[in-house]
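Undergrad: what would the 3D arrangement of this be:
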Amino acid sequence: MREIDMAKKLIQEFKSEAVLQQHAKAIEFGTTTKGEKGLLFSMGVRWLPHFISLKQIVGLEDIRINFDNTSHEELAQKPGKATYFIDSDNIYWKVLGEKETGKTIISNSVNPVEYDELFMKGILLDTKTKIKVNPISGTEKLIAGEYNLKFLLASEDNIAELRVDINGSTNEISINKTAIEEIYIVLDGKANPVIEFISQKGKPILYGLVLERKK
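TA: The predicted model follows:
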């Protein structure tokens with residue numbers, strides 16, 4: 001625990017978002033080159049997610065996954081595999097789509113008040129689906145502790161029923177058009193959670209999930 005507390009202290013002291021803001025302000029003066037703009041973009045999609053991951057590993061920041069279309073640079077020398085969604089509060093979400101999940105992306109016509117910008121597209125859970133919850137960048141193990149796992153769900157039909165298995169624990173969820181469901185889980189720090197979704201009735205759709213460490 002001493003090493004984890006020290007890691008938390010160091011991560012909290014480093015203000016990664018402020019570094020990007022300072023660089024953006026610095027290149028405003030004079031003529032901004034393509035290289036300066038490219039560096040700012042690269043820091044936002046490569047460097048910053050690394051520091052977000054460090055916070056997520058030690059429980060200082062939630063893990064957020066959005067299910068939507070992803071982009072892959074197939075012809076690039078080093079093709080990018082990560083897609084991010086930045087919401088209206090400037091919060092980063094990892095995006096998983098058809099290529100990452102093997103599931104069909106479909107649109108939603110009913111948007112709830114909460115997380116409305118996340119309920120645009122999601123994956124159809126018509127067959128057994130497994131999702132592993134990792135930090136936004138990388139697969140490092142999350143620290144042990146108590147967590148809340150939140151699911152952003154909807155049904156293509158009026159009502160759908162879903163069974164959710166998480167590390168041997170089973171939960172039943174009923175969805176009437178839209179649902180935001182929370183499940184309490186405990187992690188041992190040895191493996192990140194693997195979630196298995198099994199449709200029981202109707203056509204459930206998964207739009208996003210949030211893993212939050214309890215304080």
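Undergrad: give the buried residues for stretch 180-192.
TA: Of all the residues in stretch 180-192, those buried under the rule 16 or more other C-beta atoms under 10 Å are 180-181, 183, 185, 187, 192. C-betas here are computed from N, CA, C, even on glycine.
Undergrad: closest to residue 16 out of the residues you listed?
TA: When these are compared for distance to residue 16, the smallest value, 22.6 Å, is given by residue 192; criterion: C-beta to C-beta.
Undergrad: show me the domain layout of this structure.
TA: According to the domain assignment given by automatic domain parsing, the chain is divided into the following structural domains: 1-61, 62-213.
Undergrad: got CSV for those domains, with mean pLDDT too?
TA: What follows is these, written out as CSV (pLDDT from 0 to 100):
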stretch, mean pLDDT
domain 1-61, 75
domain 62-213, 90
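Undergrad: and these, which is most packed in?
TA: Comparing the domains of the chain on average neighbours per residue, with mean count of other C-beta atoms under 10 Å, the densest one is domain 62-213 at a mean of 16.
Undergrad: now do the end-to-end distance for that one.
TA: Between the opening and closing residues of domain 62-213 we find a distance of 7 Å, counting by C-alpha to C-alpha, to the nearest Å.
Undergrad: so what's the gap between that domain and the chain middle?
TA: 7 Å (C-alpha atoms, centre = their mean, to the nearest Å).
Undergrad: Provide a list of residues in contact with residue 211.
TA: Each residue near residue 211 by C-beta atoms under 8 Å, 6 or more residues apart in numbering is listed here: 62-64, 133, 142, 147-150, 193.
Undergrad: actually residue 157, sorry about that
TA: 202-203.
Undergrad: Three-state assignment for it, please.
TA: For residue 157, the secondary-structure state derived from DSSP: H, G, I helix; E, B strand; the rest coil is strand.
Undergrad: any idea how far it lies from residue 97?
TA: According to C-beta to C-beta, to the nearest Å, residue 157 stands 23 Å off from residue 97.
Undergrad: do residue 155 as well
TA: Between residue 155 and residue 97 the distance, using C-beta to C-beta, works out to 20 Å.
Undergrad: do the same with residue 165
TA: Relative to residue 97, and taking C-beta to C-beta, residue 165 is found at 23 Å.
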